[in-house]
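In: Dropping a prediction and its sequence here:
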Amino acid sequence: MAFTAGYLAEHPLPPGIVGALGLGGYQLLADVGGVGAGRLGPQAFLLVAPDPDPALPDAGTQIVLHHTRADDRAAAAYVALAAELGYRRLSGWRLALERHGLRSKARLVDPATGGVSLVIEDRHPRGGLFSRGFDQTASGLVARLRALPAPGPPPDLADPELMRGVLLALALRDDTLGGAEAAELADRALTLMTTSGPDGGQRTLDPPAALEAARAQG
């Protein structure tokens, strides 16, 4: 399923999770392919919308990671992680979710092999992903994602909504860009990919090249 841009903004966390964890009015830092990073004060969290499942018609958006004392660096790691997972998802990989109370475990499934390439889950506050240096662990997850086989092209490069999601995910890889700046860069790159070239023919830029061209334009 190709989640449209802004999916998580339109499908926020269910009231039960929001109430139990006190996350009402959180800021959505990233929203790519049904994967996002949220922040509320010192709390940061990774959000994932599940793929449609007839057995779980009302599963709703879920929390996969939740950090209660995140600084700006840790929040940036969440944005990078959301962008990498969203990029994989838009390129055909699957995120299989397994609910555990208020939070879930996510398995990243490689479409080429059907195997699980990465498992992401919350752990007890006294250790693991909640421990000191959590942002380094998140950065490590990003590094592991980038070390996986390169994603294939999205199913339909002619789909503007899908292509914008891919461009946004790639733009968010640049940790010098804020969310609004990345979205603006993605929009400019999408315009370059969908307009005719100087000779009147269709442009043949791939997403990374389109982003670089958009960046060069300022």
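Out: Thanks, I have it.
In: Run the chain-centre distance for the helix or strand bottoming out on mean pLDDT in the chain.
Out: Evaluated with mean pLDDT, DSSP states H and E, the helix-and-strand set of the chain has its lowest mean pLDDT in helix 134-147, which scores a mean of 73. The gap between the average C-alpha position of helix 134-147 and the chain average comes to 14 Å, counting by C-alpha atoms, centre = their mean, to the nearest Å.
In: Can you name the element that comes right after that helix?
Out: helix 160-171 (DSSP states H and E).
In: got the buried residues for that next one?
Out: Burial within helix 160-171, assessed by neighbour count using 16 or more other C-beta atoms under 10 Å, is assigned to 162, 163, 164, 165, 166, 167, 168, 169, 170, 171. (C-beta placed from N, C-alpha, C; glycine too.)
In: repeat for stretch 68-86
Out: Neighbour-count burial for stretch 68-86, with 16+ other C-beta under 10 Å as criterion, is recorded at 70, 74-86.
In: Output it as CSV - backbone C-alpha positions only.
Out: Coordinates of the C-alpha atoms in stretch 68-86 are reproduced here as CSV (Å, rounded to 0.1, in the frame of the first residue of the first chain):
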residue,chain,number,x,y,z
THR,A,68,10.7,10.1,27.5
ARG,A,69,13.7,12.3,27.7
ALA,A,70,14.7,13.2,24.1
ASP,A,71,16.8,16.2,23.3
ASP,A,72,17.0,17.8,19.9
ARG,A,73,19.6,15.3,18.7
ALA,A,74,17.5,12.3,19.8
ALA,A,75,14.4,13.8,18.1
ALA,A,76,16.5,14.3,14.9
ALA,A,77,17.4,10.6,15.0
TYR,A,78,13.7,9.7,15.1
VAL,A,79,13.1,11.9,12.0
ALA,A,80,16.0,10.1,10.2
LEU,A,81,14.6,6.7,11.3
ALA,A,82,11.1,7.6,10.1
ALA,A,83,12.5,8.8,6.8
GLU,A,84,14.5,5.6,6.2
LEU,A,85,11.6,3.3,7.1
GLY,A,86,9.2,5.4,5.0
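In: want to throw the buried residues of stretch 68-86 into TSV with secondary structure and distance to residue 109?
Out: What follows is those, written out as TSV (DSSP: H, G, I helix; E, B strand; the rest coil; distance: C-beta to C-beta, whole Å):
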residue	secondary structure	distance to residue 109
70	coil	28
74	helix	27
75	helix	27
76	helix	26
77	helix	23
78	helix	21
79	helix	23
80	helix	21
81	helix	17
82	helix	18
83	helix	19
84	helix	15
85	helix	12
86	helix	15
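In: circling back to that earlier point, just curious, which of the buried residues of helix 160-171 is nearest to residue 108?
Out: The nearest member of the buried residues of helix 160-171 to residue 108, counting by C-beta to C-beta, is residue 169 at 14.3 Å.
In: re the thing from before, residues in contact with the least confident helix or strand of the chain?
Out: With C-beta atoms under 8 Å, 6 or more residues apart in numbering as the test, helix 134-147 has contacts from 65, 67, 70-71, 73-74, 76-78, 80-81, 84-85, 88, 108, 118, 120, 129, 131.
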